[in-house]
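# Show me the folded form of this:
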Amino acid sequence: MSEPQTETDVEPTPGPWKVEQGTVISQSERGHIKHIANLLASHPAAMAECDANARLIAAAGTAAQEAADMGYDPVAAVEALPELLEALESIAVEGKKSFPDAESMIRWTLDALDRAEGSDQ
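Predicted structure coming up:
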């Protein structure tokens, strides 16, 4: 009897993910298409919202795949994105002031990258 798969044993569908007619898909190198999610609107007024949600899902899936290719935990990297963006914004602003406290900015950025690797888990 085989062991059940745990959440960490499962790899996400390889990217890039894209949206076609309300469906989030991924296409393999051999041309096989995997349907990841169907977002269908029950009312025509909701179609724009469904399209926006589909694009967000596709972008997150593609970002997760790219993070995994770089050696980061894909879920942790996507979850760390707001903090990483904040760190980069701070570095850019502080850089204009010649980094009066460069060490703390670098430490903050490295900590955010560590979390993206999943090392905080």
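
# Break the chain down into its structural domains.
Using automatic domain parsing, the domain parsing of the chain gives 14-69, 73-121.

# Comparing the ones you listed by mean pLDDT, which bottoms out?
Comparing mean pLDDT over the domains of the chain, the weakest stretch is domain 73-121, at a mean of 73.

# Shouldn't Val24 be within a strand?
Yes: counting by DSSP: H, G, I helix; E, B strand; the rest coil, Val24 falls inside a strand.

# State the distance from it to Ala68.
Separation of Val24 from Ala68 (C-beta to C-beta, to the nearest Å) stands at 18 Å. From N, CA and C alone the C-beta is placed, and that goes for glycine too.

# could you pull out the strands for this structure?
With DSSP state E as the criterion, the chain has strands at 17-20, 23-27, 33-38.

# Taking strand 33-38 as reference, get the angle to the second one.
Here strand 23-27 runs at 150 degrees with respect to strand 33-38, directions being taken by axes from the mean of the first three to the mean of the last three C-alpha atoms, to 10 degrees.
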